[in-house]
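**Student:** After the sequence you'll find the predicted model.
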Amino acid sequence: MNVLVINCGSSSLKYQLIDSASEQVLAKGLCERIGIDGAITHQPAGKDKIKIEAAMPTHTEAIALVLEQLTHPENGVIKSLDEIAAVGHRMVHGGEKFACSALVTDEMIAAVESCNAFAPLHNPATLIGINVCRELLPGKPMVGVFDTAFHQTMPKKAFLYGLPYEYYEKHGVRRYGFHGTSHKFVAQRTAEILGKNIEDLKIIVCHLGNGASISAVNGGKCVDTSMGLTPLEGLIMGTRSGDVDPGALEFIADLEGLSVKEILTLLNKKSGVLGLSGVSSDFRDIEGAAAEGNEQAAAALEVFRYRVAKYVGSYVAAMNGVDAIAFTAGLGENDKVTRATICSYLGYLGLEIDPVANDMRGKEAIISTQDSKVKALCVPTNEELMICRETVALVK
Ligand code: AMP
């Protein structure tokens, strides 16, 4: 069956039409600048990208245009909308209400709305996508796949903050984790590549992109992850700080005269490797600057990689061992130096990187030596395919 996968942001929308039987992408694209002016980039499989400027005052026009392109006589890949069997929506925050993907119903939408406070920018955008699809594709079965769901198996000792318990009880203040669809896909694929049953494996997934998080997956279940109530906690990211002493924030606020809102903007948008390097949030730019002798850029890379290695160490403790460490997302898939440097901290585990196997980008590969006690892998993530699979499982 053909599944339309929708990833709806506040002013953009990504889509893929996937044939679930062959798991082939039939077409994919992106609507940008929704509510501003609007443009759609549409790419049917095996053909060139087509970019069309078109007014998109709201998500309704954007999704209408996506459906028009999918059925277009030249750019289209299906004859009619009847060939779309189901829609899978990428959802952000499902709180404690969603430990797995869910069929879209009025009750499901109300439950997602009750989690909006946790992700005030992202959750409402995903709900707009659902509502527009309900309007334009009436009666079509739809599924919501949550970024937080995979991490709902974390035990209390991993998800509670050292805060008064009443804030957890009253307001749901706890660690939730994000990138769950990616962590789940990569953990499953890691087991497949190793030819082992996931139930028998302890896997650490390092999702290293502009947003970065790491998870400990024991027997196929997430037992800990680095992001928290929001996607700000944990690793150092492109523009996000990751873990910081909360006391430092009052110190900076007082000295710089910043409000809480301004501090949060600083932590989300101006920190991470961008703030550290003073060069860019893009690792390629930072690596370029470091290669030319920029010491601040080199330090930013070191701080980033060291933090990942420290988290790996803590997750080895969380699982009392590790069988495999998988690298994924923009940096994890493409940057052999980052992979090798992180692994160089982990020799004590009996992890030995194979420089020849690691000398590639964007491919599935075991990058540790044959004798390495702990396996290291590069596993390109595919969140859209995971959303397609989850949708099919629920719709069937
Ligand atoms: P993502 O958010 O998963 O799309 O990842 C984006 C990040 O991956 C950016 O910071 C890129 O600089 C980084 N990235 C992509 N390709 C490479 C590469 N060949 N070498 C280093 N970093 C890369």
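**Tutor:** Yep, that arrived.
**Student:** for the ligand, what are the nearby residues on the stretch 101-250 of the chain?
**Tutor:** When proximity is defined as Cβ under 6 Å from any ligand atom, the stretch 101-250 of the chain approaches the ligand at Gly209, Asn210, Gly238. Heads up, the C-betas are built off the backbone N, CA and C, glycines and all.
**Student:** Could you pull up the residues touching Glu383?
**Tutor:** By Cβ atoms under 8 Å, 6 or more residues apart in numbering, the contact set of Glu383 is Asn7, Arg90, Thr181, Ser182, Phe185.
**Student:** between those residues, which is closest to Gly247?
**Tutor:** Of all the contacts of Glu383, Gly247 sits closest to Ser182, with 32.4 Å by Cβ to Cβ.
**Student:** before we move on, the earlier item: which members of the contacts of Glu383 are the farthest-apart pair?
**Tutor:** Largest separation among these by Cβ to Cβ: Asn7 and Phe185, giving 14.4 Å.
**Student:** wait, isn't Gly321 in contact with Leu201?
**Tutor:** No: the criterion here is Cβ atoms under 8 Å, and Gly321 misses it with Leu201 at 10.2 Å.
**Student:** Please name the residues that touch the closest residue to the ligand within the stretch 51-200 of the chain.
**Tutor:** When distances are taken as Cβ to the nearest ligand atom, the stretch 51-200 of the chain reaches nearest to the ligand at Ser182, 8.9 Å away. By Cβ under 8 Å, 6+ apart, the contact list for Ser182 reads Val205, His207, Thr328, Ala329, Thr381, Glu383, Met386.
**Student:** I'd like the distance between the residue lying closest to it once chain neighbours are set aside and Ala86.
**Tutor:** Nearest residue to Ser182, sequence neighbours excluded (Cβ to Cβ, 6 or more residues apart in numbering): Thr381, at 4.4 Å. Using Cβ to Cβ, to the nearest Å, one gets 22 Å for the distance from Thr381 to Ala86.
**Student:** again with Tyr161
**Tutor:** Using Cβ to Cβ, we find Tyr161 at a distance of 38 Å from Ala86.
**Student:** where's Ile325, which helix or strand?
**Tutor:** For Ile325, the element it lies in under DSSP states H and E is strand 324-328.
**Student:** name the helices or strands packed onto the next helix or strand after that strand?
**Tutor:** Moving toward the C-terminus from strand 324-328, the next helix or strand (DSSP H and E) is helix 329-334. Helices and strands touching helix 329-334, by 3 or more Cβ pairs under 8 Å, 6 or more residues apart in numbering; DSSP states H and E, are strand 202-208, helix 336-344.
**Student:** how about a cut-off of 7 Å?
**Tutor:** Judged by 3 or more Cβ pairs under 7 Å, 6 or more residues apart in numbering; DSSP states H and E, the packing partners of helix 329-334 are strand 202-208.
**Student:** In CSV, could you pull the C-alpha coordinates for the strand it packs on?
**Tutor:** The C-alpha coordinates for strand 202-208 follow below in CSV (Å, rounded to 0.1, in the frame of the first residue of the first chain):
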residue,chain,number,x,y,z
LYS,A,202,22.7,-3.9,24.4
ILE,A,203,22.9,-1.0,21.9
ILE,A,204,23.9,2.6,22.2
VAL,A,205,22.5,4.8,19.4
CYS,A,206,24.3,8.1,18.8
HIS,A,207,22.0,10.4,16.7
LEU,A,208,24.4,13.1,15.8
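**Student:** tell me the contacts of Asp335?
**Tutor:** Contact analysis of Asp335 by Cβ atoms under 7 Å, 6 or more residues apart in numbering lists Phe283.
**Student:** Gly321 and Leu201: which is more packed in?
**Tutor:** Leu201 (20 against 11; other Cβ atoms under 10 Å).
**Student:** so that one makes contact with Ala191?
**Tutor:** Yes: with contact defined as Cβ atoms under 7 Å, Leu201 counts as touching Ala191 (5.6 Å).
**Student:** quick one: the longest helix seen in the chain near the ligand?
**Tutor:** In the chain, with assignment by DSSP state H, the single longest helix is helix 295-319. No: Helix 295-319 stays out of contact with the ligand when judged by Cβ under 6 Å from any ligand atom, the minimum separation being 10.0 Å.
**Student:** Now the residue in the stretch 151-300 of the chain positioned nearest to the ligand: closest residue in space that isn't a chain neighbour?
**Tutor:** When scored by Cβ to the nearest ligand atom, the stretch 151-300 of the chain has Gly209 as its residue closest to the ligand, at 2.4 Å. By the measure of Cβ to Cβ, 6+ apart, the closest residue to Gly209 outside its immediate chain neighbours is Ala329, 3.4 Å from it.
**Student:** ok, how many other residues are close to that neighbour?
**Tutor:** Using other Cβ under 10 Å, Ala329 has 23 other residues around it.
**Student:** so what pLDDT did it get?
**Tutor:** We have a pLDDT of 97 for Ala329.
**Student:** Would you agree it is in contact with His207?
**Tutor:** Yes: taking Cβ under 7 Å as the definition, Ala329 is a contact partner of His207 at 4.7 Å.
**Student:** Quick check: neighbours shared by those two?
**Tutor:** Common contact partners of Ala329 and His207 (Cβ under 7 Å, 6+ apart): Ser182, Thr381.
**Student:** Let me see the backbone angles for Pro224.
**Tutor:** No Pro there; residue 224 is Asp. With angles defined as degrees, to the nearest 10, Asp224 sits at phi -170, psi 150.
**Student:** Appreciated, that's everything.
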